[in-house]
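Trainee: have a look at this prediction, sequence included:
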Amino acid sequence: MRLLLLTLLLSFSLNAHFRTFFESSEHTMSGDNVMLILGKAQNAGKALPLHMPNGLVLTFGDLVAMPDFYGVVGKPISQGKSFKDRQIRFFNAFKSLAFKKKSKAEAEKIMAVIHNQRDRVLDALKKGKSLKEIKVEIGEAQNVKWNCLTGGACSGTFWWLSPGRYLNLAKEDYDHFGQDAFLAYQAGHHVSMHVAAEAGKKGDYKMLELAYALDGFACHFLTDRFSAGHIRTPRATLANKVTPSVFGSLLAGYMHTEENTYGVHVHNERGDSWMAYGDRFYLDKRNQKNRDMMAKALQNSADEIYETFEAREMIASTKNIAVLFPEADEMAPHISKDISPMFWWSKKYQTLMRRKDLNDVWKGHWTNDWWGWSTLAMLRNIKGDL
Ligand SMILES: [Zn+2]
């Protein structure tokens, strides 16, 4: 039993790492395509340097990648009881990156790793390598690095037993999934607009930079919302309903990988329909339309910051952003074109359903008679470590 627990913990730590190693560069790439206006025409452009109060200089894209590394452990934004509370949690998460003195050097090291990944991916693509090859090449070399850079163990076989902030945040990463991702983004975007309005009143371009930085940080949750594995996976429900909670998190990891790989048919309120793939498929040809929709949402978000700055007061809601957000065409049990979700919450029976056949993603039969630990053991057998 002890050994089983140990292996499960190990796979969790691997999952936590694997979740991000390729995506961080994906987040950065998507964010750096956003055009920012910093007040004067000659200051408009992509990937402009934004100055943080602690001296850190990041681009909008860099900021989009940061919430995987910065946040307040134990205080996920989406779990705040009210809109106000969520805004406070968001601001505290941002402050841990942009105001805390110690974070400057640490974040610079993290960014160097992410930039290196991005450059290697782009370089390899230029040389005509397939995305699959590149993924293998990058491998899991950063496995211990993220843990080490965020205050955890830096070496040793059981390095994950001494988790850094990165691992601790991953254990409760509800803000990165489904409706919770929307709540986290909404709170963050609202805070950013407030700062932009203040900046407008004072004609303060430094403060406008801060508003953009806040919005970049908020847009992490927006970009996650476009990733297939983050759309249908009942992340928080799995953690809440499965005992112990960490098993639920691991199960969410397995479902997340499945959905990312097979993709999900989605639509939005504006009437667009497309196919979304997930983490590590950002640059995949099949993900083109999803990438375009995400880019549009990101640009709208940043544009709203500038519009608020110009208006010198809070302007109307995030409406033209939310209408772009993908919703799954199919939710269990009515499945015909997508894979059968591994888990889903049945409102009718108020219970968490699991696909009966964990091996066959196309079989649409579910059961409510299942255990977390045995499901995990089966998944590890069928699919290996996360
Ligand atoms: Zn994320």
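Mentor: The structure has been received and is ready for your questions.

Trainee: neighbours around the residue of the chain found nearest the ion, how many?
Mentor: Minimum separation of the chain from the ion (Cβ to the ion) falls at His176, amounting to 3.5 Å. Any C-beta I mention is one placed from the backbone N, CA and C, and that applies to glycine too. Per other Cβ atoms under 10 Å, the neighbour tally for His176 reads 27.

Trainee: kindly report the same for Cys148.
Mentor: Other residues lying near Cys148 total 18 when counted by other Cβ under 10 Å.

Trainee: then Tyr205?
Mentor: Using other Cβ under 10 Å, Tyr205 has 14 neighbouring residues.

Trainee: so what's it up against?
Mentor: Applying Cβ atoms under 8 Å, 6 or more residues apart in numbering to Tyr205 gives the contacts Leu38, Gly39, Asn43, Ala199.

Trainee: pLDDT check: weakest of those residues?
Mentor: By pLDDT, Gly39 ranks lowest within these, coming in at 71.

Trainee: list the residues that contact the residue of the chain closest to the ion.
Mentor: Applying Cβ under 8 Å, 6+ apart, the residues contacting His176 are Pro67, Asp68, Ala184, His220, Phe221, Asp224, His230, Arg235.

Trainee: just checking, the second one touches Ser24?
Mentor: Spelled out, that is Asp68. Yes. Counting by Cβ atoms under 8 Å, Asp68 touches Ser24, with 6.4 Å between them.

Trainee: wait, a helix at Glu108?
Mentor: Yes. Assessed by DSSP: H, G, I helix; E, B strand; the rest coil, Glu108 belongs to a helix.

Trainee: how close does it get to Asn54?
Mentor: Distance of Glu108 to Asn54, given as Cβ to Cβ, to the nearest Å: 11 Å.

Trainee: ok, now Val246?
Mentor: 33 Å.

Trainee: of the contacts of His176, which ones also sit close to the ion?
Mentor: Asp224 (Cβ under 5 Å from the ion).

Trainee: JSON lines for the contacts of His176, including pLDDT and secondary structure?
Mentor: As requested, the contacts of His176 are arranged in JSON lines below (pLDDT from 0 to 100; DSSP: H, G, I helix; E, B strand; the rest coil):
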{"residue": "Pro67", "pLDDT": "96", "secondary structure": "helix"}
{"residue": "Asp68", "pLDDT": "91", "secondary structure": "helix"}
{"residue": "Ala184", "pLDDT": "98", "secondary structure": "helix"}
{"residue": "His220", "pLDDT": "95", "secondary structure": "helix"}
{"residue": "Phe221", "pLDDT": "96", "secondary structure": "helix"}
{"residue": "Asp224", "pLDDT": "93", "secondary structure": "helix"}
{"residue": "His230", "pLDDT": "94", "secondary structure": "helix"}
{"residue": "Arg235", "pLDDT": "95", "secondary structure": "helix"}
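
Trainee: I'd like to know which of the contacts of His176 is nearest to Ile321.
Mentor: Nearest to Ile321 out of the contacts of His176 is Phe221 (Cβ to Cβ; 11.8 Å).

Trainee: now do the same contact list for Glu259.
Mentor: Contacts for Glu259 (Cβ under 8 Å, 6+ apart) come out as Ala228, Gly229, Ile231, Arg232, Thr233, Gly278, Ile339, Pro341.
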